[in-house]
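1. can't give you the sequence, but here's the structure:
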């Protein structure tokens, strides 16, 4: 009986161990783009889909886009660094040499103009052209209205002159005696 009592706890602990021996289903993790369908999970696989925008389909993964590795530095930046090596003295914007500070304001001005040209939110040329087109679209209508106003004023002035001339002629006629002498 003692053996039975010792073996009984072993039987109850072995049941969970049998359940753990069953193979776990495979997990299939996919990234789908746009309206692509996520594959259906099978009996032995679990499919998990992450959906991204269609524009991301052929791009370099986000985690690899920005790297601080020196191998990923643009060649142009390396060349520019070498161009600055010997630039000292007047108009160089460097702390080395007499008058090295004199080129700094010019560089700042050039950088500001370059930024202004590349900034899409500031498009003064386009804004001016749009305003000019808006004004030119109404210029004919405004000119016609001004012309009719001027013609009305001229007609009123002509009518006033005629009335004054008639009144003056009548006053002259009234001044003359009827008898002639």
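-> Yep, it's here. All values derive from a computational prediction rather than experimental measurement. Numbering: from 1, shown residues only.

2. Helices of the protein, residue ranges please.
-> For the chain, the helices defined by DSSP state H occupy 2-20, 62-65, 75-83, 104-118, 124-175.

3. where does residue 165 land on pLDDT?
-> Note on residue 165: pLDDT of 93.

4. how close does it get to residue 176?
-> Counting by C-beta to C-beta, to the nearest Å, the gap from residue 165 to residue 176 is 17 Å. To be clear about C-beta, it is placed using only N, CA and C from the backbone, and glycine gets the same treatment.

5. ok, now residue 26?
-> Applying C-beta to C-beta, the value for residue 26 to residue 176 is 128 Å.

6. Compare the two and say which is more crowded by neighbours.
-> residue 26 (11 against 8; other C-beta atoms under 10 Å).

7. ok, the closest residue to that one other than its chain neighbours - contacts?
-> Excluding the flanking residues, the one nearest residue 26 by C-beta to C-beta, 6 or more residues apart in numbering is residue 45, at 4.7 Å. Residue 45 sits next to 25-28 when contact means C-beta atoms under 8 Å, 6 or more residues apart in numbering.

8. And residue 45, how far from residue 28?
-> From residue 45 over to residue 28 the distance is 5 Å, taken as C-beta to C-beta.

9. Would you mind checking which helix or strand in the protein has the lowest mean pLDDT?
-> Within the chain, confidence by mean pLDDT, DSSP states H and E is lowest for helix 2-20 among all helices and strands, at a mean of 52.

10. Residue ranges in the chain under the pLDDT threshold?
-> Within the chain, the set of residues satisfying pLDDT under 70 comprises 1-22, 84, 97, 119-125, 177-181.
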